[in-house]
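J.: Quick one, structure for this:
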Amino acid sequence: MSTGRNDSVEAVGTIRSHKQQRAPSAAAARCGAAPLAECVTAAVANRRSLVGRRDQLSGHAAFESFPISRRNFLRAAVGAGLAVPFATRGAEAAHKFRTALIGAGWWGKNILREALASGRCRVSALCDVDAMTLEVAAEQVKDLSGSQPKTYRDFRELLEEDRPQIVIIATPDHWHALQSIAALKAGAHVFVEKPTGHTVNESRAMVKVARETGRVVQVGLHRRVGPHHVSAMKFLRSGAVGQVGMVRAFAHGTGGPEKPAPNSRPPDGMDWDFWCGPGPKRPFNTKLHPGGWRNFLDYANGQIGDWGVHWLDQVLWWNGGEYPRRVFSAAGRPVRGPIVLNEREQTTDAPDHQVAVFEFPTFTCVWENRQFAGNEAEKHRIGVYFHGTNGTLHIGWRDGWTFYPANKKDKTLHEDAQLQEPDGHNLKLLWADFLDAIEHGKPAAARLELAHRSSVLPLLAMISWRTGRSLQWDGAKEQIIGDTEAARLLCRPYRPPWTYPTV
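T.: Below you'll find the predicted structure:
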């Protein structure tokens, strides 16, 4: 098990994960509408302001050692009015799903908040390899819901002993497949973060087991249900944009050369070997944990695996899930500089920019990400453009959607975004859809079969980049055609004792 999306993240360039971009901590009077971690972050920031210290770690305050116990701190936070006023407290529904969280960091607790707020879930267990993260999360759940969850360091023990009905998986990408498959085989429905896997065949194995068990799997592609995304897709499918011949998805940010950081001992109470799990075991480094693992290719797939899956999913949502027939990608680190990994220090190793081209039968899709230069030359720095004969539709994040007509006499159309703040997501809607799928048998909006295809696209792009050539893709068989070397990269060796899942 892995700590996952923690409450503090390492700043390696200002184009951060959409989960990492956030507003400053809200005042206590507003904290009732914020995620669990936001309340604790607010109190931490307040304490730091008193002692004249502040941390600026990608917009998050880091949990550090203060001269106050964690238990007393959390109790003080609740007493100061920082508790989230869940509708479930003091109320009993006819049935509540036994719900467990694997990966008890910031983003996992954001998802857990929606589970509790739904009134249909009871948090029975939490799992994390970081003892402090686990203790803080458990006390938060107890103080904010009135229920004491069991705590585990090993997700396998949690599944065997607690027998949850729903499992939330918010760990780094290299753990998604093994933990999802284990939860499904234990009989649980699964809410797992995107992308579905670290490699293509992991994701395929997840789909296979989900079909065999008949469980519901919802993937954290919350843009599938976001109001302005739904509206934009309706507009696009109406034909108002005309015939779409090209799509361009992108995420542009700023940054510069990267300096290596010194390796160090893992934090007290953290099982670093278990965190690395089936991936290679690197020396511990604060660039990696907490939060920076997205830019380390042993555990994730850089910006295209983080941001790209969201926006490429918008493309497959529009075209009905049809795969491209050819993929090519180029990338590098001309700005961040050489990769460093030795006994003393290390840098990230993901590209600082990447371009991928996906050739579909009736249109071409281009993906771009960049962690330098920003993008002041265009109106938007994140999102996807659909270029049609009648104009261009941009579907964005905080800037909603906008249609720019080709005919200058026609009026530009726009719809604002509707998001949950401060993190700018639509988890409440996605969680409600997940429960609806479980209870009524309707297909989930971001069900595994769809999210798997959207996750495969960036994974194929990474294979193309590594091999330095384009790939022919057989979407029906989900195989690379005529390239044995590239096909071997559809999976990877696991570090013992972990076993790669079978397709």
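
J.: Now the longest helix along the chain: buried residues?
T.: Identified as the longest helix of the chain according to DSSP state H is helix 448-467. For helix 448-467, the neighbour count (16 or more other CB atoms under 10 Å) marks 448, 450-465, 467 as buried. Any C-beta I mention is one placed from the backbone N, CA and C, and that applies to glycine too.

J.: In the helix or strand following that helix, which residues are buried?
T.: Scanning forward in sequence from helix 448-467 by DSSP states H and E, the next helix or strand is strand 471-474. Under the neighbour-count criterion of 16+ other CB under 10 Å, strand 471-474 has L471, W473 buried.

J.: For D268, which residues are in contact?
T.: A131, M132 (CB atoms under 8 Å, 6 or more residues apart in numbering).

J.: Surely it forms part of a helix?
T.: No: D268 sits outside any helix when classified using DSSP: H, G, I helix; E, B strand; the rest coil, being coil.

J.: how near is it to P172?
T.: 21 Å (CB to CB, to the nearest Å).

J.: low-scoring stretches of this structure, by residue?
T.: Filtered on pLDDT under 70, the chain yields the residue ranges 1-94.

J.: Regarding it, what is its longest strand?
T.: strand 244-253 (DSSP state E).

J.: Grab the nearest non-local neighbour of A137.
T.: A104 (3.8 Å; CB to CB, 6 or more residues apart in numbering).

J.: now the one you found: how far from T499?
T.: From A104 to T499 the distance is 25 Å (CB to CB).

J.: So for these two, which residue has more residues nearby?
T.: A104 (33 against 9; other CB atoms under 10 Å).

J.: what's near enough to touch the more buried one?
T.: T3, G4, L126, C127, D128, T133, L134, V136, A137, A170.

J.: so how far is D143 from it?
T.: Counting by CB to CB - A104 and D143 are separated by 15 Å.

J.: And for T213?
T.: For T213, the distance to D143 - CB to CB - is 35 Å.

J.: sec struct for T151, please.
T.: Assignment for T151 (three-state DSSP): strand.

J.: Pairing partners for it in the sheet, please.
T.: Beta-bridge pairing for T151 (DSSP bridges): L126.

J.: In this structure it contacts C127, no?
T.: Yes: if you go by CB atoms under 8 Å, T151 and C127 touch, sitting 7.4 Å apart.

J.: Around the closest residue to V225 other than its chain neighbours, count how many other residues there are.
T.: Distances taken as CB to CB, 6+ apart put L429 closest to V225, at 4.3 Å, once the chain neighbours are dropped. By other CB under 10 Å, the residues close to L429 number 19.

J.: Can you tell me the SS state at L429?
T.: Assignment for L429 (three-state DSSP): helix.

J.: one step back: return the member of the contacts of A104 nearest to T199.
T.: The closest of these to T199 turns out to be G4 (CB to CB; 18.5 Å).

J.: At which residues are the helices of the stretch 51-200 of the chain located?
T.: Assigned by DSSP state H, counting those that start in this stretch, the stretch 51-200 of the chain shows helices spanning 70-77, 106-117, 131-145, 155-162, 176-185, 200-213.

J.: and of the ones you listed, who's closest to R237?
T.: helix 200-213 (25.8 Å).

J.: Just the residues contacting that closest one, thanks.
T.: The contact list for helix 200-213, computed with CB under 8 Å, 6+ apart, reads 176-177, 180-181, 184-185, 187, 190, 195-197, 217, 448-449, 452, 455-456, 459-460, 463, 478, 490-491, 500-503.

J.: who does the helix or strand that that helix is followed by touch, helix- and strand-wise?
T.: Per DSSP H and E, helix 200-213 leads on to strand 217-219 as the next helix or strand towards the C-terminus. Packing contacts for strand 217-219, counted by 3 or more CB pairs under 8 Å, 6 or more residues apart in numbering; DSSP states H and E, involve strand 189-192, helix 427-440, helix 448-467.

J.: Make CSV from the helices of the stretch 51-200 of the chain and add distance to A486 and mean neighbour count to it.
T.: Below are the helices of the stretch 51-200 of the chain laid out as CSV (distance: least, CB to CB, whole Å; neighbours: other CB atoms under 10 Å):
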stretch, distance to A486, mean neighbour count
helix 70-77, 48, 16
helix 106-117, 32, 26
helix 131-145, 38, 22
helix 155-162, 32, 19
helix 176-185, 20, 24
helix 200-213, 11, 21
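
J.: between those helices, which gets nearest to H310?
T.: Judged by CB to CB, the one of the helices of the stretch 51-200 of the chain that comes nearest to H310 is helix 106-117, at 13.8 Å.

J.: How far does that closest one sit from its chain's centre?
T.: Helix 106-117 sits 13 Å away from the centroid of its parent chain (CA atoms, centre = their mean, to the nearest Å).

J.: Please apply the same query to stretch 157-176.
T.: With CA atoms, centre = their mean, you get 16 Å for stretch 157-176.

J.: Quote the end-to-end distance of it.
T.: Stretch 157-176 has an end-to-end distance of 17 Å (CA to CA, to the nearest Å).

J.: what do you get for stretch 366-385?
T.: 10 Å.

J.: Start at 405, not 1
T.: Sure, I'll start counting at 405 from here, so that last one is stretch 770-789.

J.: returning to that earlier point: in TSV, list the helices and strands packed on strand 621-623 along with distance to S607.
T.: Listed next are those as TSV, based on distance: least, CB to CB, whole Å:
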stretch	distance to S607
strand 593-596	11
helix 831-844	19
helix 852-871	5
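
J.: Looking at these, spot the one closest to E749.
T.: The nearest among the helices and strands packed on strand 621-623, by CB to CB, is helix 852-871 at 24.4 Å.

J.: Show me what the closest one is packed up against.
T.: helix 604-617, strand 621-623, helix 713-723, strand 730-736, strand 757-763, strand 875-878, helix 888-892.

J.: So which of those is nearest P809?
T.: Once the helices and strands packed on helix 852-871 are compared by CB to CB, helix 713-723 is nearest, at 18.9 Å.

J.: Can I get that closest one as PDB, trimmed to CA atoms?
T.: Written as PDB, here are the backbone C-alpha positions of helix 713-723 (Å, rounded to 0.1, in the frame of the first residue of the first chain):
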ATOM      1  CA  VAL A 713      -5.800  11.100 -19.200                       C
ATOM      2  CA  HIS A 714      -8.400  13.700 -18.200                       C
ATOM      3  CA  TRP A 715      -8.400  15.600 -21.500                       C
ATOM      4  CA  LEU A 716      -7.900  12.600 -23.700                       C
ATOM      5  CA  ASP A 717     -10.900  11.100 -21.900                       C
ATOM      6  CA  GLN A 718     -12.900  14.100 -23.200                       C
ATOM      7  CA  VAL A 719     -11.900  13.100 -26.700                       C
ATOM      8  CA  LEU A 720     -12.900   9.500 -26.300                       C
ATOM      9  CA  TRP A 721     -16.200  10.600 -24.600                       C
ATOM     10  CA  TRP A 722     -17.000  12.600 -27.700                       C
ATOM     11  CA  ASN A 723     -16.000   9.900 -30.300                       C
END
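
J.: Just give me how far it sits from the chain centre.
T.: With CA atoms, centre = their mean, you get 15 Å for helix 713-723.
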